[in-house]
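Participant: Using only what follows, build the 3D model:
(chains A, B, C and D)
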4 protein chains.
Amino acid sequence: MPDAATADIATVLAEVADIARPRAREGKVADYIPVLAEADPDDFGMALVDMDGTEHLYGDVDRPFAIQSISKVFSLVLAMHETDANDGVAHQLWSRVGREPSGDPFNSLVQLERERGIPRNPMINAGALVIDDILLDHCEDPKRSTMDLLETLAREPLDVDERVLDSEHGSLHRNRAMANLMASFGNLTHEVDEVLDDYVHACAIAMTTRQLARSIRFLANDGVEPDSGERILSPELAKRVAAIMFTCGTYDAAGEFAFSVGLPCKSGVAGGIVGIVPRRMGLCVWSPPLDPSGNSLAGRTALHELSQKLDLSVV
Amino acid sequence: MPDAATADIATVLAEVADIARPRAREGKVADYIPVLAEADPDDFGMALVDMDGTEHLYGDVDRPFAIQSISKVFSLVLAMHETDANDGVAHQLWSRVGREPSGDPFNSLVQLERERGIPRNPMINAGALVIDDILLDHCEDPKRSTMDLLETLAREPLDVDERVLDSEHGSLHRNRAMANLMASFGNLTHEVDEVLDDYVHACAIAMTTRQLARSIRFLANDGVEPDSGERILSPELAKRVAAIMFTCGTYDAAGEFAFSVGLPCKSGVAGGIVGIVPRRMGLCVWSPPLDPSGNSLAGRTALHELSQKLDLSVV
Amino acid sequence: MPDAATADIATVLAEVADIARPRAREGKVADYIPVLAEADPDDFGMALVDMDGTEHLYGDVDRPFAIQSISKVFSLVLAMHETDANDGVAHQLWSRVGREPSGDPFNSLVQLERERGIPRNPMINAGALVIDDILLDHCEDPKRSTMDLLETLAREPLDVDERVLDSEHGSLHRNRAMANLMASFGNLTHEVDEVLDDYVHACAIAMTTRQLARSIRFLANDGVEPDSGERILSPELAKRVAAIMFTCGTYDAAGEFAFSVGLPCKSGVAGGIVGIVPRRMGLCVWSPPLDPSGNSLAGRTALHELSQKLDLSVV
Amino acid sequence: MPDAATADIATVLAEVADIARPRAREGKVADYIPVLAEADPDDFGMALVDMDGTEHLYGDVDRPFAIQSISKVFSLVLAMHETDANDGVAHQLWSRVGREPSGDPFNSLVQLERERGIPRNPMINAGALVIDDILLDHCEDPKRSTMDLLETLAREPLDVDERVLDSEHGSLHRNRAMANLMASFGNLTHEVDEVLDDYVHACAIAMTTRQLARSIRFLANDGVEPDSGERILSPELAKRVAAIMFTCGTYDAAGEFAFSVGLPCKSGVAGGIVGIVPRRMGLCVWSPPLDPSGNSLAGRTALHELSQKLDLSVV
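Facilitator: Predicted coordinates:
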């Protein structure tokens, strides 16, 4: 039987769904690859997972979807973990990728050329490719290591969506352009195809709304997975990831999210958005139709309402 | 006689000063106008003002300096206040200026041309010029209104630094270029010289570290000046300003500040940085030498240390 | 009584007019200032003036119009003349303005900012402003000197179109933006308003199709005005001007003109285009409606036909 | 026994060599691939071939070198030839590549992104890649067809420099970036690797100064190879190629070449420059050290002197 607070949150979730869900109709499901275009625009899920493991759930929280760009958070975490563990110098990473908002659409080559192959941050495609290049230096099998990390965090076995994987491989021209441009500046050292292969694999990992909310929690807990007590990152590195999510996690809408949600978030093109409330919870919303900035439209509405009703904003 | 907490903070301030103050030597005092170049690099002040008015002070907290770009926060506040009061539609303002980080150095014309005269946010020069243009529509005397607002917040009479005022007028080529470019796109409706005149006036207002810490507090208090109880902005608009400070307030170093300080901040070229701790306090640090991104070097170090030692970060 | 060749050219001119004139309907008269928008789209003139002074004329060759950007050629000529005469170092000029096509629309600030205030060539607005700044160093009264040069070349008294002059003064935002940007880089040394005043004056000079064809001839004659024998420029400098016209004289359509006309040309927004056939003639066509690149549509068609029928192309 | 004119030209060539050759020391041999860096900086050749086949030669005119970007002229000629022959619509080609100078360094991605994958002209790398993509639609074996064309023009069997071929394949990051970017805009339809393979092959064709001067002659002869009388292009298309060479053939120095040489030219990074004198001759100069714009330094000096002494300039 739920206690009072949990019951209250259930009521809030239902209210939020009433407001947010209908807005999905104003959005547009991503269609740059066919398999994404087939997404059901009515899918909608919300999951909040407290530090003690209590789950507050609404809607399609157990239907898996491709995490897409949300993987960029976990790839960064893995790279920090590996470089820190192996060298004690996670900071080296920052000579190859910046930590500032890009101000440009998420796949611009202009900035990359002007800044001589150094991407603005690890949350944009170019930055994630550099992170994947770094992983190839530190992991024997980055695909396996990424999966291991996510299974550790989700505490369940996970799969890759093979249809997304195939589909993505057919639409890599722009990522390939960026990878080659960075290689021409010496900021990609492994074979472009090898890097892209890992990149696409991470994007195609399938997770549920519930699993994502659970998996992101450690960033709200000073880098320690709350159930197992396993340290994933030092408190300092965990905070670094959260800061980057806050300023760079939602494509070209970081300022808008800072105001309307006020939490470190990261969105993916399949309609998922994860967020953290420092020291309180991990959360995830999911609705496939996107707004023009590439973020889930009903998802950001839901996050805004949740932030207001539960007083989550840190700003 | 100070209570225990206050005594503790005094100790913290002394420790922070020991760490931050020596770093000023690594920075460089702004020299684009002669009067700034004459600043004393050894000036150093820190002020934290609680909601109940308690002040925690260290160093040169009563020496006035030109607030420069910190004025952009107050001009925005005034424009929101005026447009909201007069029309109930502060939102109109956002068709003329964005709310997202720029990703470009703070005075770039490239972005302004590409985005057809709409500046990225009100914390960069171009955005502040648009705000000043809007103020000319809503205030009989924007210079007077700005002063009134700041005197209301500081609760003391204030002056303009006439030497800075004269000096600035001689170095306006780039701001004039941006103003004319925006006018060519129809996003500046008053005479360019009139707009620049107000802009320079606001930059030249002289305030002390203590006054600035006090004046910024209302943004940490849902828009209400804590001593008088006067409402300056609605809670929603106050939060909007804080979000913009967080993502756009420190030139090209917003990501770095999000990590190292974790608070909404705004810096000025004379070495001041204001910040707010939601529901707790307003604060200001001051040290003239700047880092390459244009933020006070000892100031950001001090904010980082304060944030850590007093657990202020919201991320 | 005309000789055979002259009679032939008259026939060619009539044929060319039959082809070119109707195309004016597809163009659009410039309307950025009201007085230009009032131009009669049916005005159409062609003038070819041989080295010996023989004139081949068709249509409205004696109706004056504002020479607009065609003035940029004569301002450059004057600057070369003055700097060469005074210093023997016309070459100094080229440290402040380039000689290469811009590749960008004719009034872009992007390139100007990237290249630190050095305009690509003297045929774009920014470049002409630098030339005007240079003239202020070398001429007591640049307006008077420009008029003197043109009257020397046209061999007739000339006037300024006062309505164009007034009208232009109201639409200078973008030029003022560029002037201030260049001033911020130190590449404009006189008062912006003074430079713009001379710039606008040169654009507003009113000349006829016949006068322009006559006035440009000296560039086809190694720098010597053919009737008087007066040397205006050295052969080397005359060739320099012709080369710049060829590669930079028709806004963003230099490549297209090189193919379809094959002559050094310079166009103006009021619909005039001047050209030179080395060692043979000066020519001018006039028709107000413009194509999307800002060149007279019937004018460029006429030049193409003339080039083909009279075998004028140098390529 | 040479006639008087030929003897005179021999004297001129010797004089020109005295002036131009020593300047090679100020240049820098291309070194982006090792095999180019091994070039002998003292190699120097000049060849002028009249319409009747008379050759005027000086220096190392029979030593083969990789034609590099000079191949772009011949690839364009082949594409025009094939599209015109097959469809009667060479013009279709121009919806996929422009005809205007780029204004940007020769391998910039910025312009390509801004203009949605349409390169400025076929003389820059991106434009040549589009031409190669078109050739894959119209030729069964573009490599063979290109060789056939060049052997037809040179009237001698030709080879590819295998060392250059291997070397180039190792340094294609930037070209691969551009190809993928264009593919992302739908302006490259074949496999990127297939297109690059043809591109590199054409660059690696080895020809002598004498062969190149001979091979380019048809563009000075209305599109007809003068010895055989074989028509390669219509007069209109031949003129189109010449116009593009004039305005786009020498990277970022088209304006300077228009002045100092005054002829349609195309340069390659191995130090060759071809040029045409309409209705008079084809010519080629060769000297490996380059100036900062990427053109042979002694080569452009030689062309300037030849143009002056033999009165070749068309401007």
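
Participant: what about residue A:236, how many residues close to it?
Facilitator: By the criterion of other C-beta atoms under 10 Å in any protein chain shown, residue A:236 has 14 neighbours. Placement of C-beta: from N, CA and C, glycine included.

Participant: helices or strands up against the helix or strand where it lies?
Facilitator: Taking DSSP states H and E as the criterion, residue A:236 maps to helix A:235-248. Helices and strands touching helix A:235-248, by 3 or more C-beta pairs under 8 Å, 6 or more residues apart in numbering or on different chains; DSSP states H and E, are helix A:71-87, helix A:254-260, strand A:265-267, helix B:235-248, helix B:254-260.

Participant: mind running it again at 7 Å?
Facilitator: Counting contacts by 3 or more C-beta pairs under 7 Å, 6 or more residues apart in numbering or on different chains; DSSP states H and E, helix A:235-248 packs against helix A:71-87, helix A:254-260, helix B:254-260.

Participant: Which of these sits closest to residue D:127?
Facilitator: Between residue D:127 and the helices and strands packed on helix A:235-248, the shortest gap by C-beta to C-beta is with helix A:71-87, which sits at 34.5 Å.

Participant: Next, the buried residues of that closest one.
Facilitator: Buried residues in helix A:71-87, defined by neighbour count with 16 or more other C-beta atoms under 10 Å in any protein chain shown: A:71-84.

Participant: Does chain D have contacts with the helix or strand that that helix is followed by?
Facilitator: Moving toward the C-terminus from helix A:71-87, the next helix or strand (DSSP H and E) is helix A:110-114. Yes: interface with chain D: helix A:110-114 contributes A:110, A:113 (C-beta under 7 Å from any C-beta of the partner chain).

Participant: Residues contacting helix A:110-114, please?
Facilitator: For helix A:110-114, the surrounding residues in contact (C-beta atoms under 7 Å, 6 or more residues apart in numbering or on different chains) are A:102, A:104, A:119, A:120, A:126, A:178, A:181, A:182, D:109, D:110, D:113.

Participant: ok, of the residues you listed, which one's closest to residue D:307?
Facilitator: residue D:110 (33.4 Å).

Participant: who's in contact with residue A:121?
Facilitator: Taking C-beta under 7 Å, 6+ apart, one finds A:97, A:98, A:99, A:100, A:101, A:102, A:127, A:244, A:248, B:255 in contact with residue A:121.

Participant: Phi, psi for the fourth one please.
Facilitator: With angles defined as degrees, to the nearest 10, residue A:100 shows backbone torsions of phi -120, psi 150.

Participant: Near it, how many residues? Count them for me, please.
Facilitator: 21.

Participant: still on that earlier bit, could you save the contacts of residue A:121 as a markdown table and add columns showing pLDDT?
Facilitator: A markdown table is the format used below for the contacts of residue A:121 (pLDDT from 0 to 100):
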| residue | pLDDT |
| --- | --- |
| A:97 | 95 |
| A:98 | 93 |
| A:99 | 92 |
| A:100 | 91 |
| A:101 | 89 |
| A:102 | 82 |
| A:127 | 96 |
| A:244 | 96 |
| A:248 | 94 |
| B:255 | 91 |
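
Participant: okay, among those, which ones form the most distant pair?
Facilitator: So, the contacts of residue A:121 by C-beta to C-beta: farthest apart are A:97 and A:101, at 13.2 Å.

Participant: the more surrounded of those two?
Facilitator: Using other C-beta under 10 Å as the criterion, residue A:97 and residue A:101 rank with residue A:101 on top: 29 against 25.

Participant: That one and chain C, how far apart?
Facilitator: Per C-beta to the nearest C-beta, to the nearest Å, residue A:101 is found 21 Å from chain C.

Participant: Kindly report the same for residue A:140.
Facilitator: To chain C, residue A:140 is 44 Å away according to C-beta to the nearest C-beta.

Participant: and that residue, backbone torsions?
Facilitator: According to degrees, to the nearest 10, residue A:140 has phi -60, psi -40.

Participant: Let me see the contact set for it.
Facilitator: Residues counted as contacts of residue A:140 (C-beta under 7 Å, 6+ apart): none.

Participant: Out of the contacts of residue A:121, flag the one nearest to chain D.
Facilitator: residue A:102 (14.1 Å; C-beta to the nearest C-beta).

Participant: Run a quick neighbour tally on that closest one.
Facilitator: So residue A:102, with other C-beta under 10 Å, has 27 neighbours.

Participant: looking at it, it is touching residue B:103, isn't it?
Facilitator: Yes: taking C-beta atoms under 7 Å as the definition, residue A:102 is a contact partner of residue B:103 at 5.0 Å.

Participant: right, and residue A:207 touches residue A:67 too?
Facilitator: Yes: with contact defined as C-beta under 7 Å, residue A:207 reaches residue A:67; the gap is 5.2 Å.

Participant: CA atoms only for the helix holding residue A:236 - export them in CSV, please.
Facilitator: Output of helix A:235-248 as CSV, limited to C-alpha atoms (Å, rounded to 0.1, in the frame of the first residue of the first chain):
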residue,chain,number,x,y,z
PRO,A,235,31.4,13.3,-6.8
GLU,A,236,33.4,15.9,-8.8
LEU,A,237,33.0,14.0,-12.1
ALA,A,238,29.4,13.3,-11.5
LYS,A,239,28.8,17.0,-11.0
ARG,A,240,30.7,17.7,-14.2
VAL,A,241,28.3,15.5,-16.1
ALA,A,242,25.3,17.1,-14.5
ALA,A,243,26.6,20.6,-15.4
ILE,A,244,27.1,19.6,-19.0
MET,A,245,23.6,18.1,-19.1
PHE,A,246,22.2,21.4,-17.7
THR,A,247,23.9,23.7,-20.2
CYS,A,248,24.2,21.4,-23.3
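
Participant: thinking again about what came up before, any chance of TSV for the contacts of helix A:110-114, columns distance to residue D:43?
Facilitator: Converted to TSV, these look like this (distance: C-beta to C-beta, whole Å):
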residue	distance to residue D:43
A:102	47
A:104	45
A:119	42
A:120	45
A:126	41
A:178	39
A:181	33
A:182	36
D:109	33
D:110	35
D:113	38
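
Participant: between these, which is nearest chain C?
Facilitator: Nearest to chain C among those, with distances taken as C-beta to the nearest C-beta, is residue D:110, at 9.5 Å.
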